[in-house]
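Participant: Provided below for reference: sequence and predicted model.
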Amino acid sequence: MGRSWALAALLSALLVSGTLALCPAPSVLRDVDGVRVCARLYEDSNVIYDRCCSGGYMDIVSPADVPSIERFWNNRASSLVVGPRCELTVWSRVNKRGFRRTFRTGIQYRLLESGKGLFGNWDNSISSYYCKCS
């Protein structure tokens, strides 16, 4: 009896942790209408990678050249996913000024771990961007 309970608890934990894997694979990155997305910015990340890419999100469709990100999203992104054969270049200040970084196809679970300058990071630091896909 005790052994079956332990197995059930383990399976439950695995199912719950599987449902918390929130970052989509770059290959399935599409908006609600099925349109291919260049990149998706998420407002939340977590120390546990399986819980990153949570909270609200903003889709960027290629080509996108935005010198000043909309007010709500200014300095708010904490995770991001870039679609296949796409590049997202971001700047730390409006009008494409300040620090610059290019993210290529893949998942950036925690922008906190992505260096900006000597001591900074990209968590809550994106103010403008350019996104393109080939």
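Facilitator: Yes, it's here. Numbers count the residues shown, from 1 in each chain.
Participant: Next one, pLDDT for the residue sitting nearest the centre point of the chain please.
Facilitator: For the chain, the residue sitting closest to the mean C-alpha position, by Cα atoms, centre = their mean, is L80 at 1.5 Å. L80 is assigned a predicted lDDT (pLDDT) of 96.
Participant: show me where the chain has helices.
Facilitator: Ranges of helices within the chain are 2-19, based on DSSP state H.
Participant: Any regions of it where pLDDT drops low?
Facilitator: 1-21 (pLDDT under 70).
Participant: which parts of the biggest strand by length in it are buried?
Facilitator: Secondary structure of the chain read by DSSP state E shows that its longest strand is strand 79-93. By neighbour count, with 16 or more other Cβ atoms under 10 Å as the criterion, the buried positions of strand 79-93 are 79-84, 86-93. Every C-beta, even on glycine, is put in place using the N, C-alpha and C of the backbone.
Participant: now stretch 69-77
Facilitator: Those buried within stretch 69-77 under the rule 16+ other Cβ under 10 Å are 69, 73, 76-77.
Participant: same check, this time on stretch 31-42
Facilitator: For stretch 31-42, the buried set under the neighbour-count rule, 16+ other Cβ under 10 Å, comprises 37-42.
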